[in-house]
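[1] The sequence and its predicted three-dimensional model are supplied below.
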Amino acid sequence: MMGRLRELVPLPRSYFLRVRCPSCGNEQVIFSHASRVVRCLICDAVLAEPTGGKARILAPVIAVYGKFSKEEEPA
């Protein structure tokens with residue numbers, strides 16, 4: 001925990017996900033820390049539920065955007 005506090009500029013822990021709706025197959029981009037229920041824009045199925053931190057993702061994840069690790073730090 002102390003390692004993260006000593007970083008000059010800490011990296012964000014949140015990211016965006018491309019998910020596929022299990023009901024209709026629609027692909028949609030959602031936020032990893034969504035604070036409200038995320039529904040499919042086509043069929044209104046629930047794709048993610050808030051938990052107080054990271055959202056509970058209920059749909060299959062296709063891609064992850066904007067997630068960095070220590071080795072991948074932007075210059």
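    Thanks, I have it.
[2] Where do the helices of this structure begin and end?
    Here the chain has its helices, by DSSP state H, at 2-6.
[3] For it, give me the ranges with low pLDDT.
    1-5, 7, 69-75 (pLDDT under 70).
[4] any idea which residue sits dead centre in it?
    Centroid-nearest residue in the chain: Ser32, 2.1 Å away (criterion: C-alpha atoms, centre = their mean).
[5] so it touches Pro12, yeah?
    No - if you go by C-beta atoms under 8 Å, Ser32 and Pro12 don't touch, sitting 9.8 Å apart. C-beta coordinates here come from the backbone N, C-alpha and C atoms, glycine included.
[6] which residues sit in contact with Cys24?
    Residues near Cys24 by C-beta atoms under 8 Å, 6 or more residues apart in numbering: 40, 42-43, 45.
[7] And the furthest pair within these?
    Ile42 and Ala45 (8.5 Å; C-beta to C-beta).
[8] Comparing these two, which shows the higher neighbour count?
    Ala45 (15 against 12; other C-beta atoms under 10 Å).
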